[in-house]
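In: Coordinates for the following, if possible.
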Amino acid sequence: GIKPSRLQTTIVVAHESPVSAMSLRYDGSMLATASDKGTIIRVYSVETTTQLFEFRRGIDKAEIYSMTFHITGKWLAVSSNHGTIHVYSLQ
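Out: Down below sits the predicted model:
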């Protein structure tokens, strides 16, 4: 039979406070995270676990409703309970 490959588990310490939202790029190459404070958004390389980007969404606490990568991977959209959508460039 076919034996499953042994995958390596890697832990990314994304934020000091608990992570409240995550999003994977469609091809699995990037991971976006937001803390429960909702003020900092971070983007990591899944392959290397290197932090690629850090964005400040604002200074006031916010509940992040959703995060999604554009299909090209050039943009990240983040919506919150403040009624705003922030679009960040990943270039």
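
In: Find the residue at the geometric middle of the chain.
Out: Closest to where the C-alpha atoms of the chain average out (Cα atoms, centre = their mean) is Ala32, at 0.9 Å.

In: Quick check, that one in contact with Met22.
Out: Yes. Between Ala32 and Met22 there is a contact at 6.8 Å, judged by Cβ atoms under 8 Å. Where C-beta positions appear, they are placed from N, C-alpha and C, glycine not excepted.

In: So which residues of the protein form strands?
Out: 19-24, 30-35, 40-45, 51-56, 64-69, 75-80, 85-89 (DSSP state E).

In: Of all those strands, which one is nearest Gln8?
Out: Nearest to Gln8 among the strands of the chain is strand 40-45; the distance by Cβ to Cβ comes to 14.6 Å.

In: Show me what that closest one packs onto, helices and strands only.
Out: In terms of contacts (3 or more Cβ pairs under 8 Å, 6 or more residues apart in numbering; DSSP states H and E), strand 40-45 is packed against strand 30-35, strand 51-56, strand 75-80.

In: can we see that at 10 Å?
Out: Packing partners of strand 40-45 (3 or more Cβ pairs under 10 Å, 6 or more residues apart in numbering; DSSP states H and E): strand 19-24, strand 30-35, strand 51-56, strand 64-69, strand 75-80, strand 85-89.
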